[in-house]
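K.L.:
Build the 3D model from these lines:
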Amino acid sequence: VCGCGVADTDSDNDGTPNCNDGCPNDPLKTTPGACGCGVPNTDSDNDGTPNCTDGCPNDPAKIAPGVCGCGVADTDSDGDGTPNCNDGCPNDPLKTTPGACGCGVPNTDSDNDGTPNCTDGCPNDPAKIAPGVCGCGVADTDSDGDGTPNCNDGCPNDPLKTTPGACGCGVPNTDSDNDGTPNCVDGCPSDPAKIAPGACGCGVADTDTDADGIANCIDNCDGTANVSQADQDSDGFGDACDNCVTLANPSQGDCDSDQIGDACELASGAPDCNANGIPDACDLASGASLDLNATGIPDECEAAAVAFCFGDGTGTPCPCANASTPGSQTGCLSSLGVGGRLVASGNPRITADTLVLAGNQMPNSSALYFQGTTSLAGGLGTAFGDGLRCAGGSILRLGTKNNAAGASQYPAGGDPSVSVRGLIASPGTRTYQVWYRNAAAFCTSSTFNLSNGLVVIWSS
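P.N.:
Next comes the predicted model:
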């Protein structure tokens, strides 16, 4: 078989002489195949890869163990990067272990009482983990010690009642005037002749002080005779005692107490820029209108944006005696030696908003522009960080900017307008301010300061 010069040796006795046997020492093979001589080409899992090169010879779905090993798929059902075989919560992308609340439920503790919401019967009440008698958020207090907690006690401060009854909580059925009708239902509890006020009221006789034949209680001028009850301006006050006879002035308003009714003063030329029927001087004196820039004109009648709450000593003192230069209309001094300033330009109209809030004289740091609904401390501000917080009420963050050359603005570069970002849907007043980082060792340890405030009047 092997020809001259080559022995017909068959080392493995498989019937194929060595000269033609690719595996002369393996009686089961004549060619090495995929696994080589001496190793069978067995494919136990019938996956097309022989056992000799199959890392998972008994798993038809794998030829290598992967993360989960042979016989277990490397599936990641929740796509959190941890395969199911190692994921204690295979269907919860936020967890790999169940934790206290189990898979699919966050371990949130809203009221920070140490009990997660999932097992807290009162997740928003740090004082309770079960509703008790009164429910979450309501203490089981029994103020009057009558055994009925306030939440179920119609008279929580009356130990003798749990319901108001006819006279109400804490009110006995006393009949002060002995007319047989208890005070609680007696319209005139101190007048034995009445249980209702009648025309002139309880305890009031039909006196006619001015002897004009008309009882005081229905006399439109009870201190001055006015037989005809003449009232030419029909404001309910007779001409004999009307402080503005020719113009209706039903309130008899006389804000400056000069015996001349407001209506007549306005008719004579007293300014009333806000058209509220009260002279501007009285609006300012009473505080009904603000004059934050001390012009003598109510702010609502001036420019749409008015600066207020300055750190120059005219308002609340700055936290570290770091007052800015009087008249500079800025916030309290920063480590730069100047106060942050907020100014406005453009038109604060909801339907055509071009308002721009611009801050300057600040460090080259982050600056948060924010909106409020009121001014704090009557517009004088309250100490906050290294400066004064001026804008209060419902606070809304407009946006954070990075100051360059000490300045920034909102809106800028594609930002929503102030009215859109500030959710302003109807005319009214809003307050604005800039909070800025001042990381230098200066004043308090807070490392932040604020600009002056702005009051903006939005129109439609």
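
K.L.:
So, low pLDDT: which residues of the chain?
P.N.:
291-295, 299, 302-303 (pLDDT under 70).

K.L.:
all helices of it, in order?
P.N.:
For the chain, the helices defined by DSSP state H cover 262-267, 280-286, 418-421.

K.L.:
Now the second one: buried residues?
P.N.:
When neighbours are counted by 16 or more other Cβ atoms under 10 Å, the buried residues of helix 280-286 are found to be 280-284. The way it works is simple: take the backbone N, C-alpha and C, and place the C-beta from them, glycine included.

K.L.:
count of neighbours near the residue nearest to residue 315 when sequence neighbours are not counted?
P.N.:
Spatial nearest neighbour of residue 315, chain neighbours left out: residue 380 (3.8 Å); criterion: Cβ to Cβ, 6 or more residues apart in numbering. The number of residues packed near residue 380 is 17, by other Cβ atoms under 10 Å.

K.L.:
Next, the contact list for residue 380, please.
P.N.:
Contacts for residue 380 (Cβ atoms under 8 Å, 6 or more residues apart in numbering) come out as 309, 315-316, 388.

K.L.:
if I look at the residue nearest to residue 229 when sequence neighbours are not counted, how far off is residue 261?
P.N.:
Closest residue to residue 229 apart from its sequence neighbours, by Cβ to Cβ, 6+ apart: residue 220 at 5.5 Å. Counting by Cβ to Cβ, to the nearest Å, the gap from residue 220 to residue 261 is 15 Å.

K.L.:
Of these two, give the one with the bigger neighbour count.
P.N.:
residue 261 (25 against 18).

K.L.:
wait, isn't that one in contact with residue 248?
P.N.:
No - contact between residue 261 and residue 248 fails when scored by Cβ atoms under 8 Å: they sit 9.7 Å apart.

K.L.:
any idea how far residue 430 is from residue 401?
P.N.:
Counting by Cβ to Cβ - residue 401 and residue 430 are separated by 19 Å.

K.L.:
And residue 437, by the same measure?
P.N.:
To residue 430, residue 437 is 24 Å away according to Cβ to Cβ.

K.L.:
repeat for residue 256
P.N.:
32 Å.

K.L.:
So which of those two has more stuff around it?
P.N.:
In this view residue 256 and residue 430 are compared by other Cβ under 10 Å, and residue 430 has more residues nearby, 22 against 14.

K.L.:
Pretty sure that one sits against residue 423.
P.N.:
No - using Cβ under 8 Å, residue 430 is not in contact with residue 423; the gap is 10.1 Å.

K.L.:
State the number of residues packed around the residue nearest to residue 392 when sequence neighbours are not counted.
P.N.:
Nearest residue to residue 392, sequence neighbours excluded (Cβ to Cβ, 6+ apart): residue 376, at 4.1 Å. By other Cβ under 10 Å, 22 other residues sit near residue 376.

K.L.:
for residue 136, same thing?
P.N.:
Look at residue 136: counted by other Cβ under 10 Å, it has 17 neighbours.

K.L.:
In contact with it, which residues?
P.N.:
Taking Cβ under 8 Å, 6+ apart as the definition, contacts of residue 136 comprise 121-125, 128.

K.L.:
Relative to residue 452, which of those is nearest.
P.N.:
Using Cβ to Cβ, residue 124 comes nearest to residue 452 of the contacts of residue 136, at 37.5 Å.

K.L.:
ok, that closest one to residue 107 distance?
P.N.:
Relative to residue 107, and taking Cβ to Cβ, residue 124 is found at 16 Å.

K.L.:
out of those two, which sits in the more crowded spot?
P.N.:
residue 107 (15 against 12).

K.L.:
Could you check how far that one is from residue 360?
P.N.:
46 Å.

K.L.:
do residue 213 as well
P.N.:
For residue 213, the distance to residue 360 - Cβ to Cβ - is 74 Å.

K.L.:
need the strands for the chain, in chain order.
P.N.:
Secondary structure of the chain, counting by DSSP state E: strands at 305-308, 341-345, 356-360, 366-372, 374-375, 382-384, 387-389, 391-392, 396-402, 408-410, 428-437, 448-450, 453-458.

K.L.:
Now tabulate those strands in JSON lines and tack on distance to residue 161.
P.N.:
Converted to JSON lines, the strands of the chain look like this (distance: least, Cβ to Cβ, whole Å):
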{"stretch": "strand 305-308", "distance to residue 161": "51"}
{"stretch": "strand 341-345", "distance to residue 161": "57"}
{"stretch": "strand 356-360", "distance to residue 161": "57"}
{"stretch": "strand 366-372", "distance to residue 161": "44"}
{"stretch": "strand 374-375", "distance to residue 161": "40"}
{"stretch": "strand 382-384", "distance to residue 161": "43"}
{"stretch": "strand 387-389", "distance to residue 161": "46"}
{"stretch": "strand 391-392", "distance to residue 161": "41"}
{"stretch": "strand 396-402", "distance to residue 161": "46"}
{"stretch": "strand 408-410", "distance to residue 161": "58"}
{"stretch": "strand 428-437", "distance to residue 161": "45"}
{"stretch": "strand 448-450", "distance to residue 161": "52"}
{"stretch": "strand 453-458", "distance to residue 161": "50"}
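
K.L.:
Looking at those strands, spot the one closest to residue 335.
P.N.:
Smallest distance to residue 335 across these (Cβ to Cβ): 8.5 Å, for strand 448-450.

K.L.:
Which elements pack onto that closest one?
P.N.:
Contacts defined by 3 or more Cβ pairs under 8 Å, 6 or more residues apart in numbering; DSSP states H and E place strand 448-450 against strand 387-389, strand 428-437.

K.L.:
tell me the most buried of the ones you listed?
P.N.:
strand 387-389 (a mean of 29; mean count of other Cβ atoms under 10 Å).

K.L.:
Just list the residues touching residue 163, thanks.
P.N.:
154-155.

K.L.:
Look up how far residue 170 lies from it.
P.N.:
Remark: distance between residue 163 and residue 170 (Cβ to Cβ) = 12 Å.

K.L.:
Pull up the overlap in contacts between the two.
P.N.:
residue 155.

K.L.:
Hmm, residue 286 is touching residue 255, no?
P.N.:
Yes - assessed by Cβ under 8 Å, residue 286 is found in contact with residue 255 at 7.2 Å.

K.L.:
Fine, thanks again, bye for now.
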